[in-house]
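1. Provided below for reference: sequence and predicted model.
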Amino acid sequence: MPSNEPAQPNDHLTRYVAEFICNTRLQDLPADVVALGKKSILDGLGLALSGGATQLGAMVRQHFSDLNLGAGPATVIGSNLKIAPRFAAFANGLGIHADDYDDTQLAVAADRVYGLLTHPTAPALPAALAMAELTKANGASAMLAYHLGVEVECKIAEAINPRHYQTGFHATATCGTFAAAAASAKLMGLDVETTCRALSIAGSQSAGLRENFGTMTKPFHAGRSSESGVAAAQFAAYGWTATDKILEAPRGFFSAAGGGYDPLAIAGKLGAPWTMADPGVSIKPHPSGSLTHPGMTEMLRLIRANDIRARDVVRVRVGTNHNMPNALIHHRPTNELQAKFSMEFCMAILLIEGRAGLGEFTDEVVNRPDVKAMIEKIDFVVDKDAEAAGYHKMTTLIDIELTGGRKVSGRADFGKGSPVDPMSYEEVANKFRENAAYAKFPGAQAESVVAMVRDLETLPSIGKLMAALTRS
């Protein structure tokens, strides 16, 4: 296992990250981390299929046509396109994040707003796959690169001051660029000095603003971060120059984008423990912002346990800490993208339909009169008890007033798919199958993907997996 002890917490931090990327081997990953990663990888592949079938995916393919890119080695998942790695990473990263249905990092520190952290797979996996195709890597090498990208991304997100997220940066977009650079550098076999430069080039491309939540530009962030990391590694390999201290320098990433960072959250912490296992990563059962999920899990439980009918609902109070309304900004959504960031819609659709999948997050459903009427019955407020629980949790308190004076209440800190209530591989496989079916992707090919990811470390060529994800 590579050393996790930098000389000093604030010295040579970028080099420490580069050494971790270059020196870590697959056998250094604990078995539970490998198993957890397979679930997130399978989840990401299914989301790339369903996301690629959206209007966003069609626009991206039109853009590629307009660019006259020509053929390349990397696959745009769910299509018959093979193009340059950076563009495949963009398309697949955008696809994974298109429905806001992708996995989410949990926080360690209590002041780390849950939403401050990242959707780790969307930037890391597309870069790893694209560069694995370019370098003709096997499944084990692609999986290792993915894990390194996720680990670097998550530890950077954990370390940067919370101001980064609170004042408007989207961490998946910013920290995700480093993930893609890390994964790409590993697969290209770059040395420590070149990897330092790849990280630095990535840092200068790190961007994405939360004001665009609820629009097509939010998933654009994920695609762009993956593309930028691929390009950063390739330019570093050409000999492109860059600083060797992009993370820690006074004018570097942590200072410029966050006003500072906690060195003890990253120095000596890469792989110790691996974020994938501790504190963990949540996989979503619903295609909406992760901050809605504890409330949605608890609302479903209350509906089923108490046989709640929409017609009997008088009023609903949903209480959270103050950071959650700061992200769930669409209180009266008018389209499916806004609905993903509307606690009111997510509660309303569960009360009416008893489910909230891709079929419920459509413009038509969002604008139905019964949905709009139910939204008016829901109060989304800041609650002192949720505030006291800490921002690393997504504590959500629900109080439902029903006809006849009956009242039902519940509380959840995390949702289904989180480490406290995880999905099994088979549950994730079922989600993958549903997303593949949504994209009208051939069932036999989908089943072969489920089988290959289950034993990804034994796959002789990543090209075999990507061929199964290609539409004939």
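-> Received, thanks. Numbering: from 1, shown residues only.

2. CA atoms for contacts and neighbours, from now on please.
-> Noted.

3. which residue packs closest to Ala236, ignoring adjacent ones?
-> Ala198 (5.1 Å; Cα to Cα, 6 or more residues apart in numbering).

4. sorry, that was for Gly295
-> Thr396 (5.5 Å).

5. contacts only, for the most centrally placed residue in the chain.
-> For the chain, His119 is the residue whose C-alpha lies nearest the centre (Cα atoms, centre = their mean; 2.0 Å). For His119, the contacting residues are 102-105, 172, by Cα atoms under 8 Å, 6 or more residues apart in numbering.

6. scan the residues you listed and report the most crowded one.
-> Greatest neighbour count in the contacts of His119, by other Cα atoms under 10 Å, goes to Thr172: 35 neighbours.

7. still on that earlier bit, output the contacting helices and strands for the helix or strand harbouring the residue nearest to Ala236.
-> Using DSSP states H and E, the secondary-structure element containing Ala198 is helix 192-203. Applying 3 or more Cα pairs under 8 Å, 6 or more residues apart in numbering; DSSP states H and E, one finds that helix 192-203 contacts helix 13-23, helix 171-188, helix 217-238.

8. gap between the first one and the chain center?
-> Translated: helix 13-23. Once both centres are worked out by Cα atoms, centre = their mean, to the nearest Å, helix 13-23 turns out to sit 23 Å from its chain's centre.

9. which elements pack onto whichever helix or strand comes after that helix?
-> Once the chain leaves helix 13-23, the next helix or strand it forms, by DSSP H and E, is helix 31-52. Contact here means 3+ Cα pairs under 8 Å, 6+ apart; on that basis helix 31-52 packs against helix 85-97, helix 121-135, helix 425-438, helix 443-454.

10. what packs against the very next helix or strand once past helix 31-52?
-> Beyond helix 31-52 in the direction of the C-terminus, DSSP H and E gives the next helix or strand as helix 55-67. Where contact means 3+ Cα pairs under 8 Å, 6+ apart, helix 55-67 is packed against helix 85-97.

11. state whether Leu69 is indeed within a strand.
-> No: counting by DSSP: H, G, I helix; E, B strand; the rest coil, Leu69 is located in no strand; its state is coil.

12. my guess is it meets Pro85, correct?
-> No: taking Cα atoms under 8 Å as the definition, Leu69 is not a contact partner of Pro85, at 11.4 Å.

13. so between these two, which is more surrounded?
-> For Leu69 and Pro85, the more surrounded residue by other Cα under 10 Å is Pro85, and the numbers stand at 28 against 13.

14. measure that one to Phe345 for me?
-> 38 Å (Cα to Cα, to the nearest Å).

15. what sits against the spatially closest residue to Gly415 that is not a sequence neighbour?
-> Taking Cα to Cα, 6+ apart, and ignoring the residues beside it in sequence, Gly415 has Pro294 as its nearest neighbour in space, at 3.9 Å. The neighbours of Pro294, taking Cα under 8 Å, 6+ apart as the test, are 394-396, 412-416.

16. so for the helix or strand where Pro294 lies, mean pLDDT?
-> If you go by DSSP H and E, Pro294 is part of helix 293-306. pLDDT averaged over helix 293-306 equals 96, rounded to a whole number.

17. any buried residues in it, and which?
-> Buried residues in helix 293-306, counted by 16 or more other Cα atoms under 10 Å: 293-300, 302-303.

18. quick one: distance of it to the chain centre.
-> With Cα atoms, centre = their mean as the basis, helix 293-306 stands 23 Å off its chain's centre.

19. next SSE downstream of it?
-> Heading C-terminal from helix 293-306 (DSSP H and E), you reach strand 313-320.

20. count of neighbours near Gly51?
-> Gly51: 31 surrounding residues under other Cα under 10 Å.

21. got it, and Gly252?
-> Counted by other Cα under 10 Å, the residues lying close to Gly252 total 19.

22. next one: Asp28
-> Residues near Asp28, counting by other Cα under 10 Å: 12.

23. ok, the one 3 residues further on next?
-> Using other Cα under 10 Å, Ala31 has 10 neighbouring residues.

24. and Gly410, what element?
-> Here Gly410 sits within strand 407-412, counting by DSSP H and E.

25. same list (the helices and strands packed on helix 192-203) but as CSV, adding mean pLDDT and distance to Leu144.
-> Supplementary listing: these in CSV, determined by pLDDT from 0 to 100; distance: least, Cα to Cα, whole Å:
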stretch, mean pLDDT, distance to Leu144
helix 13-23, 98, 10
helix 171-188, 98, 8
helix 217-238, 98, 16
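
26. who wins for proximity to Ala437 among these?
-> Taking Cα to Cα as the measure, the helices and strands packed on helix 192-203 were each checked against Ala437, and helix 217-238 came out nearest at 21.3 Å.

27. tilt between the closest one and helix 85-97?
-> For helix 217-238 and helix 85-97, the angle between their directions (axes from the mean of the first three to the mean of the last three Cα atoms, to 10 degrees) works out to 150 degrees.

28. return the distance of helix 217-238 from the chain's centre.
-> On the basis of Cα atoms, centre = their mean, the separation between the geometric centre of helix 217-238 and that of its chain is 15 Å.

29. stretch 84-95 now?
-> The offset between the C-alpha centroid of stretch 84-95 and the centroid of the whole chain comes to 15 Å, using Cα atoms, centre = their mean.

30. send me that stretch as CSV with only the CA atoms.
-> As requested, the backbone C-alpha atoms of stretch 84-95 are provided in CSV (Å, rounded to 0.1, in the frame of the first residue of the first chain):
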residue,chain,number,x,y,z
ALA,A,84,-12.4,11.0,-29.2
PRO,A,85,-12.1,10.1,-25.5
ARG,A,86,-12.7,13.6,-24.2
PHE,A,87,-16.0,13.9,-26.1
ALA,A,88,-17.2,10.4,-25.0
ALA,A,89,-16.4,11.4,-21.4
PHE,A,90,-18.5,14.5,-21.9
ALA,A,91,-21.5,12.7,-23.3
ASN,A,92,-21.4,9.9,-20.8
GLY,A,93,-20.9,12.2,-17.8
LEU,A,94,-23.8,14.3,-18.9
GLY,A,95,-25.9,11.2,-19.4
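
31. let me see the mean pLDDT of that stretch.
-> Computed over stretch 84-95, the mean pLDDT rounds to 98.

32. may I see the buried residues of it?
-> Under the neighbour-count criterion of 16+ other Cα under 10 Å, stretch 84-95 has 84-95 buried.

33. redo the residues you listed as TSV? Include distance to Glu158.
-> Listed next are the buried residues of stretch 84-95 as TSV, based on distance: Cα to Cα, whole Å:
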residue	distance to Glu158
Ala84	32
Pro85	28
Arg86	26
Phe87	28
Ala88	28
Ala89	24
Phe90	24
Ala91	27
Asn92	25
Gly93	21
Leu94	23
Gly95	25
